[in-house]
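Enquirer: Here is a sequence together with a model predicted from it:
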Amino acid sequence: MQTSTMVTLILSGVSTILIFAYGLYTLCISRKTIFPGSGQPHKMAAMVLEACYLMAKYLVGIFIVTAIIALICEKVITTEQGLPAVTLIIGYLLGKGFGNTSTGQASE
């Protein structure tokens, strides 16, 4: 296994762990704040659900991009085949952000 492949896999693992840790932290905070009588718990619960959706989307995106980059580094596929797919996935992940997942509207 080449050094560039190992670096890619390590960075992917670190970013996955950070996103997962952030998700757990968010869920712990929201568990303490979502309770009956807190105003509008259904809206707060919808926000937590949207955050979970985004975290799952980013984790899947990291996995796919890492797999494609590892295949490029190992010369299983060429850069002409892999980079358009990586660009497409990263563009989708960056373009669809928090607050617009359910409506499809652009963030302001």
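Expert: Now that the structure is in, tell me what you want to look at.

Enquirer: For residue 75, grab phi and psi.
Expert: Per-residue torsions, residue 75: phi 60, psi 30 (degrees, to the nearest 10).

Enquirer: Now do the contacts for it.
Expert: For residue 75, the contact set (C-beta atoms under 8 Å, 6 or more residues apart in numbering) is empty. Any C-beta I mention is one placed from the backbone N, CA and C, and that applies to glycine too.

Enquirer: What of residue 69?
Expert: Residues in contact with residue 69 (C-beta under 8 Å, 6+ apart) are 8, 82, 86.

Enquirer: Quick check: which ranges of this structure have low pLDDT?
Expert: Counting by pLDDT under 70, the chain contains low-confidence residues at 1, 31-42, 96-108.

Enquirer: In the lengthiest helix in it, which residues are buried?
Expert: Under DSSP state H, the helix in the chain containing the largest number of residues is helix 41-73. Of the residues in helix 41-73, 48, 51, 54-55, 58, 62, 65-66, 68-70, 72-73 count as buried by neighbour count, 16 or more other C-beta atoms under 10 Å.

Enquirer: C-terminal to it, what's the next element?
Expert: Next helix or strand after helix 41-73 toward the C-terminus (DSSP states H and E): helix 79-95.

Enquirer: And that following helix, what's buried?
Expert: 82, 86, 89, 93.

Enquirer: can you check stretch 14-23 too?
Expert: Buried residues in stretch 14-23 (16+ other C-beta under 10 Å): 19, 23.

Enquirer: next one: it to chain centre, how far?
Expert: From the chain centre to the centre of stretch 14-23 is a distance of 9 Å (C-alpha atoms, centre = their mean, to the nearest Å).
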